[in-house]
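K.L.:
turn this into a structure:
(3 chains)
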Amino acid sequence: MVQHTLRDMFSSYVQKQGAFKDKNVLSHNYVPDVTFHREQQTKALAEILSPVLRGLEVSNCFLYGKTGTGKTVVAMNVTSELERTAKSVGKNLKVLYVNCKMKRVSDTEYRLLAELCRMLGREVPPTGLPTDAVYAMFYEAVESVGGSVMLVLDEIDALVSKIGDEILYNLTRMNQRLAGTKVSMIGISNSVSFIEALDPRVKSALSEEEIIFQPYNSMQLKDILTQRADLAFAPSAIKPGVIEKCAALAAQEHGDARKALDLLRIAGEIAERNGSPAVGIEHVDIAEDKLDTDRMVEIVRSQPKQSLAVLAAVIKLIDSKREGIQTGDVFTLYAEMCSRAGLKVLTQRRTSDLIAELDMLGVITTSVISKGRYGRTREIRMVLPPPVIEKIRSILRESYLL
DNA sequence: AGTCCACAGGAAGGGCAGGCGA
DNA sequence: TCGCCTGCCCTTCCTGTGGACT
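P.N.:
Coordinates of the predicted model:
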């Protein structure tokens, strides 16, 4: 009988392990070896970069497409394979990958250069040196590599919108200054229009070659999810229709593979927490709600106090069941709430901008209407689902605004 | 047709924090 | 360390506007 209870224990333990085999496979950082439906882009990039294996100069290249369309994965796969091959044929190749959006690591000219220096084994103090000194160190470090250096700048649009395109201009001109080492750049951007806004010299240098990443459709997302799910979940831990549902939901939203994987991961976590052995469609539904709610809560939480005060005034007016809430009403209540809370009262002009910003973030919905004799104003509504509004309320309460 | 309301939203500039460079 | 620069938030001042009312 002892045998029996042990077996029960173990099998219930196995069941408690839940659906996951390796959750890491679904995380944003995981780079799969196989990239589905990106063969064309992979091949194109490989062809552009392969001259490096003969020690020849390589064109700069620009990859663009929306979030979750596989740009980073393709770039990483191709460059790491290239690095491996170069090593095996005795060529010097160093690939430097930087995500330019990393706060406090690579979001200024100095930090980015310092980070690149560090990757090449040169320690740079986090602050203190003049930027041209860091440039000099970087040039010297690159020179010492002595073969080819490939810079992969991910989210390059974020960098440029923050610090301008001069750094790109300097980087694209490195080859003219260096004798021993050839430098090439791969820029990755979510925004297609970004390149149009660049200095023409940078633009022509950076976009010698361009590769476009179209959004995935739901069939393609399904393939991607199936492959990842095989690695991430225990066998038969996913009920029929789950993958299709995740794929369809993500396809609706500009074919974002990252969102599809998030949905699957969160659905898996929910199933695990509920103690169910397999992920079902009902878990995906909850996951979708959770993803939307989390996103909105994150947006609201990151708002400055004044913006939250305006939002609090809007919610209070909605609570009092007023129809047709307009800017003037919000401003009056906002001013009153601020003076009660000891907060500085901003002008109506500024409040009007804050309302417009909240609208842009999707927290509230507004439309400019004219009430004839009674003026022209914004009519403000809230169309978020009640659970999300409830969460927002609790954030406002935490900040003593409600 | 003209008036007028209640704002929208553009332009310019002040003030401040934080980063940069000597 | 300290002046300088930059970007951001905000104010002030302003013109523009759709349609009910006269």
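
K.L.:
residue A:227 and residue A:24: what is the separation?
P.N.:
Distance, residue A:227 to residue A:24, using C-beta to C-beta, to the nearest Å: 15 Å. (Glycine included, C-beta is placed from N, CA and C.)

K.L.:
residues from the stretch 251-400 of chain A in reach of DNA strand C?
P.N.:
Contact residues (C-beta under 7 Å from any atom of the strand) of the stretch 251-400 of chain A with DNA strand C: A:304, A:306, A:344-347, A:349-350, A:353-354, A:370-376.

K.L.:
put the buried members of those residues into a PyMOL selection.
P.N.:
Buried members of those, defined by 16 or more other C-beta atoms under 10 Å, are picked up in PyMOL with:
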select buried, chain A and resi 306+345+346+354
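
K.L.:
out of the residues of the stretch 251-400 of chain A next to DNA strand C, which touch DNA strand B?
P.N.:
Answer for those near DNA strand B (C-beta under 7 Å from any atom of the strand): A:349, A:372, A:373, A:374, A:375, A:376.

K.L.:
by contact count, what packs against the helix or strand harbouring residue A:299?
P.N.:
Using DSSP states H and E, residue A:299 sits within helix A:281-301. With contacts taken as 3 or more C-beta pairs under 8 Å, 6 or more residues apart in numbering; DSSP states H and E, helix A:281-301 sits against helix A:242-252, helix A:257-273, helix A:386-398.

K.L.:
at 10 Å instead, please
P.N.:
Counting contacts by 3 or more C-beta pairs under 10 Å, 6 or more residues apart in numbering; DSSP states H and E, helix A:281-301 packs against helix A:242-252, helix A:257-273, helix A:305-319, helix A:386-398.

K.L.:
now, which of the residues of the stretch 251-400 of chain A next to DNA strand C lie within strands?
P.N.:
Assigned to strands by DSSP state E, the following of these qualify: A:370, A:376.

K.L.:
next up, the contacts around residue A:344.
P.N.:
A:305, A:306, A:309, A:338 (C-beta atoms under 10 Å, 6 or more residues apart in numbering).

K.L.:
tell me how far it lies from residue A:305.
P.N.:
Counting by C-beta to C-beta, the gap from residue A:344 to residue A:305 is 9 Å.

K.L.:
so the spatially closest residue to residue A:224 that is not a sequence neighbour, which of the three states?
P.N.:
Leaving aside its sequence neighbours, residue A:224 sits nearest to residue A:36 (C-beta to C-beta, 6 or more residues apart in numbering; 5.0 Å). Look at residue A:36: counting by DSSP: H, G, I helix; E, B strand; the rest coil, its state is coil.

K.L.:
quick check: residue A:36 touching residue A:247?
P.N.:
No - applying C-beta atoms under 10 Å as the test, residue A:36 and residue A:247 come out as separate, 11.8 Å apart.

K.L.:
anything in contact with each of the two?
P.N.:
Common neighbours of residue A:36 and residue A:247 (C-beta under 10 Å, 6+ apart) are A:216, A:220, A:221, A:222, A:223, A:224, A:225, A:226, A:257.

K.L.:
which of those residues are buried?
P.N.:
Looks like those have A:216, A:220, A:221, A:222, A:224, A:225, A:257 buried, using 16+ other C-beta under 10 Å.

K.L.:
how about the strands in chain A?
P.N.:
Under DSSP E, chain A gives strands at A:61-65, A:93-99, A:148-154, A:182-189, A:209-213, A:325-326, A:365-370, A:376-381.

K.L.:
neighbour count: residue A:36 and residue A:247, which is higher?
P.N.:
Per other C-beta atoms under 10 Å, whichever of residue A:36 and residue A:247 has more neighbours is residue A:247, with 26 against 18.

K.L.:
residue contacts, the more buried one?
P.N.:
Counted by C-beta under 10 Å, 6+ apart, residue A:247 has contacts A:216-226, A:255, A:257, A:260, A:263-264.

K.L.:
re earlier: now tabulate the strands of chain A in JSON lines and tack on mean pLDDT.
P.N.:
Below are the strands of chain A laid out as JSON lines (pLDDT from 0 to 100):
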{"stretch": "strand A:61-65", "mean pLDDT": "90"}
{"stretch": "strand A:93-99", "mean pLDDT": "90"}
{"stretch": "strand A:148-154", "mean pLDDT": "91"}
{"stretch": "strand A:182-189", "mean pLDDT": "90"}
{"stretch": "strand A:209-213", "mean pLDDT": "91"}
{"stretch": "strand A:325-326", "mean pLDDT": "94"}
{"stretch": "strand A:365-370", "mean pLDDT": "93"}
{"stretch": "strand A:376-381", "mean pLDDT": "94"}
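
K.L.:
quick one: closest of those strands to residue A:275.
P.N.:
strand A:93-99 (37.3 Å; C-beta to C-beta).

K.L.:
can you list the strands that that closest one pairs with?
P.N.:
Next to strand A:93-99 in the sheet, as set by DSSP bridges, lie strand A:148-154 (parallel).

K.L.:
out of everything not next to it in sequence, what's closest to residue A:21?
P.N.:
In space, residue A:21 is closest to residue A:234, 4.9 Å off (C-beta to C-beta, 6+ apart).

K.L.:
state the pLDDT value of the residue nearest to residue A:198 when sequence neighbours are not counted.
P.N.:
Nearest residue to residue A:198, sequence neighbours excluded (C-beta to C-beta, 6+ apart): residue A:165, at 5.1 Å. What the model reports as pLDDT for residue A:165 is 70.
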